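Engineer: any chance you could fold what I've pasted below:
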Amino acid sequence: MADRYDRLYVFTSFAIQLVLVLYFALRKWDFSSAMKVGWAVYALGIPAVIISVVLYLGHKPWYLWAAGVLFAAWTVVGYLVDMHYQIPWRYPIRWSVLIPYISLYLSSIMFYWWPLARIQRPLWFVYAALFLLSTYFNVTSHEW
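Structural biologist: Sure, this is the predicted structure:
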């Protein structure tokens, strides 16, 4: 049976993934509007790390609270690269930015996704579908 900390983790996992789906979809269909609200996606790192601290203090396993720490690290890198310094790293590829950016993003998503199977297996499949959807919108929203 999931306790309140597990429920908090599940809520956070899905809330972040749903925001990513919506943001990447907006970016695909209306890039300029998405760029105006992109900072809000990166701002999600603040509650994510706070929730990680709550999970840590609630004596939850490291793989639950690591997700928010990794996500917050990605949001800091993303904000600095995309919003603050506006470093063009996608075209052409700047490996010194791409590797930490993608590594932090994917690792945070995996840490939000994989532990769901331990909490309630069907949640893992629902999250997988959302991840595939967000990845589709993310990849197709860029001009290659």
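
Engineer: what is whichever strand or helix holds residue 26 packed up against?
Structural biologist: Here residue 26 sits within helix 4-29, counting by DSSP states H and E. Applying 3 or more C-beta pairs under 8 Å, 6 or more residues apart in numbering; DSSP states H and E, we find helix 4-29 packed against helix 31-43, helix 45-57, helix 62-78, helix 95-113, helix 116-119, helix 121-140. Every residue, glycine included, has its C-beta placed from N, CA and C.

Engineer: tell me the angle that helix makes with helix 31-43.
Structural biologist: Inter-element angle recorded for helix 4-29 and helix 31-43: 160 degrees (by axes from the mean of the first three to the mean of the last three C-alpha atoms, to 10 degrees).

Engineer: chain center to helix 4-29, what's the gap?
Structural biologist: Centroid separation between helix 4-29 and its chain, computed with C-alpha atoms, centre = their mean, to the nearest Å, is 7 Å.

Engineer: from now on call the first residue 2
Structural biologist: Okay, using 2 as the starting number, the last item reads as helix 5-30.

Engineer: list the buried residues of it.
Structural biologist: 6-7, 9-11, 13-15, 17-18, 21-22, 24-29 (16 or more other C-beta atoms under 10 Å).

Engineer: and the nearest residue to residue 74 once chain neighbours are set aside, how many neighbours does it have?
Structural biologist: Closest residue to residue 74 apart from its sequence neighbours, by C-beta to C-beta, 6 or more residues apart in numbering: residue 105 at 5.2 Å. Using other C-beta atoms under 10 Å, residue 105 is surrounded by 19 other residues.
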